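Chemist: Structure, please.
(3 chains)
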Amino acid sequence: MSLDVDNVAVRFGGVTALQEATLSLSRGEILAVIGPNGSGKSTLFNAITGFVELAEGDVSVDGKSLKGIDAHKRIAGGISRTFQTPRIDPSATVEDATLAGFHPRAVTGVWSALFRPPFMRRSERELRQRCRQLLADLNLSSVAEQALNALPMGLVRMVDIARAMAAEPNFLLLDEPAAGLSRAEQKIFVDQVRRLAQQGVGILLVEHNFRLVKTLADRVVVLDRGKVLLRGTADEVSSRPEFVQAYLGTRAS
Amino acid sequence: MTLLQRQRPTLLLVTSVLLVTLTIHNRVVWLDTSVVIAIYSLLALSVGISYGYGGILSVAQAAFASIGAYATAIVTVRYGLPSLLGLGLALILPAMVAYPLARLMSRMSPLALAIATLVFGQAVDIGLREGGDFTGGYIGLSGVPPVPFAESPLAFHALSWFAVVVVSVLLCNLTDSGFGRAVSTVRADTFRAVADGVDVARVRSTVLALSASVAGLGGWLYAHHISYIGPDSLGPSVSLSVMLMAVVGGARSVLGPILGAALLTLIFKFVPSQEVQGMFYGGALIAVLVLSPGGMLDLNRTLRANLPRLLSRRNAVAAAPAAECMAERSAL
Amino acid sequence: MHELLELTMRGVLLGVTYGLLAFPISLLFIATDTVDLAVGGYAVLAGAIAMFGGEAYGPAVGIALGLLAAIAASSIVGCISLALSRRPKNDPLALVLASFGFALFIDSFVLTSFGKDPFIRQPFAEFWTIFGMRISPQAGINVAIGLVLVLLLYILLYRTAWGRDMRASATNEVAAKLAGIPVRRLQFGTFMLAGALAGLAGILVLYTAGMDFASGMHLTLAGFGAAIVFGLNGPLRGLLGGLAIGIVETISAGYASGAIATLVPLAFIFGVLTFSASGRQVATGSRA
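Modeler: Model (predicted):
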């Protein structure tokens, strides 16, 4: 199974945020997207998940185009994402926030909510168990009952990741997940991502931390000003002069 | 969450109702006031569901109640059908109107939806006034029969509060469910909800439909209690007063709107005339909004939640980066 | 045909007043991303005081008092808006709710002070006959005032420093604040201007079709409809929107019924919000 982005272009008014963007992500693979600020990385995520409209090109999963499929349906269909700045309700607890991520797997009809039939109660019990397991895996159990506005940003990001992982997606899009994480948290994060890839989840990673990218990513795509500049493994890409120029803006000496 | 935890508000409600019933069971005047409070509680709850819970400002909840009241009045007075049929219609018709209305406006901001509800409320008002013989026009419909198994004041008091308790049970259930979590997320942040896989349009429309049903239930009780319904009975000024009740009591909780309804009904028993009501309700609503947007119950809860954090300096230091980032984001 | 033309003229008469109400609504929306539902109330307040103050002290004094009352009312809402915008969680719906409350406050105030009967002033006994149609000189006054005001507002928005500052803070509030523009004061000024315009519109309505204590919401909705029909981008569009609604309304009053006529602004709003681009403008929040 693979997620294919084919010649995608996204325009806002007069600005072309993304053009001729083509990449392919297979299940179980970790693909990193890197590039300076404004190169179109978040737009790529928005395009894949359906948060913005495509001016050109197509996004498809296993050959089936996602055109016309609403964002929430894509997410429920197996593509999860995190946000660069975590979007959360500050007064929610860690457990509640993570539980919300289970929505595609939960019983969500209004009648079940009002009358609580047995199958709904069973589903809720199961979900809470899985939620607790997920929090344990990510070392978040100790803060499960705390409100998000009482936690440091690193932990809040982990909760955002947990929420995206909850629905057991086929493809996980992580937008700068390691920003603000301590070394210990980064290690947990890396372990979790590797474990997910082993389980067959395709992971698209936007990350500035190149050391992390080298550790994790199978392949790398470099974006610059909305276009794909380079592709290859992390080592291949970092030795290219265009890469250094894009990041540092000067000729490599 | 255990059954006890989830239904705590209902237990409080039932206890209070039992105590009150014991006190007033033989005083007809107070039984009447109690029924009025129950009816306004349902209307205020409908505001709580749509606005407090779902984040949809609907300035026309009384219009949904009106539909319910007129539905039962028309079938009982004009066609002689049983009041239970009227009940069914009072629950279903407002929801059937609310759902497509919200669906039509679903891709729009809460502001546009609020304007749409205003337009809807005015349209219902005009429609009822000009309904000719069907709705009784300006005069309205009188002679609505009492409910057969609740003809005495005490029985109707019991029936009304039974209705409120049922709604309370259902709402408490709602908050501890997949749908309930989705509603909370939609209210807080639409994009977050989409990223969770939530069908925002469906959720919003369902919430408005639910609130409309609850309002319709209040309308049904109204019609059979007063035995008269006219275009001014549950008009825009009632929409205003029930919004006030919900906001004063705390729109986000289950008991808040009920408390607000009780408080305001009792206070406004002393307002001299019909005409000045608008000034009182309008002024009071503005005062509450400016001084305390969370309402009494909400204020209480947010204070209790934040007090331990405010007291602990260690948490405050760690919380600084996260809190700052949050403040930054909400300022953008 | 004759009748149609006459109805159209009357529609223009009414439409100008709607256009005048459209301007403060669109300006306020652009500036604060929220709607003031009490605009019609300011108009009714001005009309009522002009009527009954006019009876006591003469028409000129009545009109002056009416305008002052409208400005005072809108300033109150301006203060409310300032108070609400100071909260950390700035919920745009809060002003909608508050202004709704204030609108009904004004309704009740006018009802209590002046009674429930409609009131109207018609000082022109003689009608002009143009192309065989009877047109009240009031029509001429309305149209003239409407055009002059649109011109003045255009100059205000596009040729003065105030207008430039207003447009800047509407496009990007944070940047405007950083540039030293007193955004909050500007927003309050907008409310005062809204009161003046709505008051003027109310007085014109008083002299045209008359009003009663409950006309406020109808006028607010007509103004809102006029504002969004052709887009929120300027006083001329609001005037055109007002004319469109006014004409359709009077024609339906003439050929269908009064009730259908009152539904006209509502239908316009609903249609625009659901189907058109400016509806989506309202949806996504000012000019995106």
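Chemist: Just the helices from the stretch 51-200 of chain C, written as ranges.
Modeler: C:59-85, C:92-114, C:137-159, C:161-171, C:173-178, C:183-208 (DSSP state H, counting those that start in this stretch).
Chemist: Can you say which of the ones you listed is nearest to residue B:255?
Modeler: Taking C-beta to C-beta, helix C:92-114 is the member of the helices of the stretch 51-200 of chain C nearest to residue B:255, at 21.3 Å. To be clear about C-beta, it is placed using only N, CA and C from the backbone, and glycine gets the same treatment.
Chemist: Same list (the helices of the stretch 51-200 of chain C) but as TSV, adding mean pLDDT.
Modeler: TSV is the format used below for the helices of the stretch 51-200 of chain C (pLDDT from 0 to 100):
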stretch	mean pLDDT
helix C:59-85	90
helix C:92-114	89
helix C:137-159	82
helix C:161-171	79
helix C:173-178	79
helix C:183-208	88
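Chemist: biggest helix in the chain, by residue count?
Modeler: Because you didn't say which chain, this covers chain A. For chain A, the longest helix by residue count, based on DSSP state H, is helix A:118-137.
Chemist: sorry, should have said chain C
Modeler: helix C:2-32.
Chemist: worst-scoring helix or strand of the chain, pLDDT-wise?
Modeler: Using chain A. Scoring the helices and strands of chain A by mean pLDDT, DSSP states H and E places helix A:241-248 at the bottom, with a mean of 72.
Chemist: The intended chain is chain B.
Modeler: Every helix and strand of chain B was ranked by mean pLDDT, DSSP H and E. The lowest is helix B:313-331, at a mean of 41.
Chemist: where along the chain do the strands fall?
Modeler: Since no chain was named, I'll use chain A. Per DSSP state E, chain A carries strands over the ranges A:2-12, A:15-26, A:30-34, A:56-61, A:64-65, A:79-81, A:171-175, A:202-206, A:219-224, A:227-232.
Chemist: Hmm, no, I was thinking of chain B.
Modeler: For chain B, applying DSSP E gives strands covering B:141-142, B:228-229.
Chemist: Could you spell out the sheet neighbours of the first one, each with its direction?
Modeler: This means strand B:141-142. In the sheet, strand B:141-142 lines up against strand B:228-229 (antiparallel) (DSSP bridges).
Chemist: Residues touching the partner strand, excluding its own?
Modeler: Strand B:228-229 is contacted from outside by B:66, B:69, B:70, B:73, B:140, B:141, B:142, B:143, B:144, B:222, B:223, using C-beta atoms under 8 Å, 6 or more residues apart in numbering or on different chains.
Chemist: related to what we said a few turns ago, ranking the strands of chain B by burial, who's on top?
Modeler: strand B:228-229 (a mean of 24; mean count of other C-beta atoms under 10 Å in any protein chain shown).
Chemist: So what's the residue count around residue C:261?
Modeler: For residue C:261, the count of nearby residues is 18 (other C-beta atoms under 10 Å in any protein chain shown).
Chemist: Next: residue A:186.
Modeler: A total of 17 residues lie near residue A:186 under the criterion other C-beta under 10 Å.
Chemist: What's the separation between the closest residue to it other than its chain neighbours and chain C?
Modeler: Excluding its sequence neighbours, the residue lying closest to residue A:186 (C-beta to C-beta, 6 or more residues apart in numbering or on different chains) is residue A:178, at 5.6 Å. Noted for residue A:178: a distance of 29 Å to chain C, by C-beta to the nearest C-beta, to the nearest Å.
Chemist: Return the residues in contact with residue A:178.
Modeler: Going by C-beta under 8 Å, 6+ apart, residue A:178 touches A:157, A:186, A:189, A:207, A:209, A:212.
Chemist: give me that answer again for 6 Å
Modeler: A:186, A:209, A:212 (C-beta atoms under 6 Å, 6 or more residues apart in numbering or on different chains).
Chemist: Let me know the pLDDT of the residue lying closest to the last one once chain neighbours are set aside.
Modeler: Of all residues beyond its chain neighbours, the one nearest residue A:212 is residue A:178 (5.5 Å), with distances taken as C-beta to C-beta, 6+ apart. Note for residue A:178: predicted pLDDT of 84.
Chemist: Now residue B:191: closest residue in space that isn't a chain neighbour?
Modeler: Spatial nearest neighbour of residue B:191, excluding adjacent residues (C-beta to C-beta, 6+ apart): residue A:87 at 6.3 Å.
Chemist: mind showing which ranges of chain B have poor pLDDT?
Modeler: Applying pLDDT under 70 to chain B flags residues B:272, B:274, B:293-332.
Chemist: Go ahead and flag the most central residue of it.
Modeler: Residue closest to the mean C-alpha point of chain B, counted by C-alpha atoms, centre = their mean, is residue B:46 at 2.1 Å.
Chemist: For chain C, see how far away it is.
Modeler: Distance, residue B:46 to chain C, using C-beta to the nearest C-beta: 15 Å.
Chemist: next one: residue A:225
Modeler: Separation of residue A:225 from chain C (C-beta to the nearest C-beta): 24 Å.
Chemist: Tell me how many other residues crowd that residue.
Modeler: 15.
Chemist: got a list of what the nearest residue to it once chain neighbours are set aside touches?
Modeler: Nearest non-adjacent residue to residue A:225, counting by C-beta to C-beta, 6+ apart: residue A:39, 6.0 Å away. Contacts for residue A:39 (C-beta under 6 Å, 6+ apart) come out as A:223, A:224, A:225.
Chemist: now do 8 Å
Modeler: Taking C-beta under 8 Å, 6+ apart, we find residue A:39 in contact with A:223, A:224, A:225, A:226, A:246.
Chemist: So what does the third one have for phi and psi?
Modeler: Phi and psi for residue A:225, reported as degrees, to the nearest 10, are phi 50, psi 50.
Chemist: mind listing what it touches?
Modeler: Residue A:225 is in contact with A:38, A:39, A:40, counting by C-beta under 8 Å, 6+ apart.
Chemist: got it, and residue A:71?
Modeler: Neighbouring residues of residue A:71 by C-beta under 8 Å, 6+ apart: A:49, A:50, A:51, B:194, B:195.
Chemist: Let's see if you can find the most crowded of those residues.
Modeler: The most crowded member of those, judged by other C-beta under 10 Å, is residue B:195 (27 neighbours).
Chemist: Quick check, it in contact with residue A:75.
Modeler: Yes. Using C-beta atoms under 8 Å, residue B:195 makes contact with residue A:75 at a distance of 6.1 Å.
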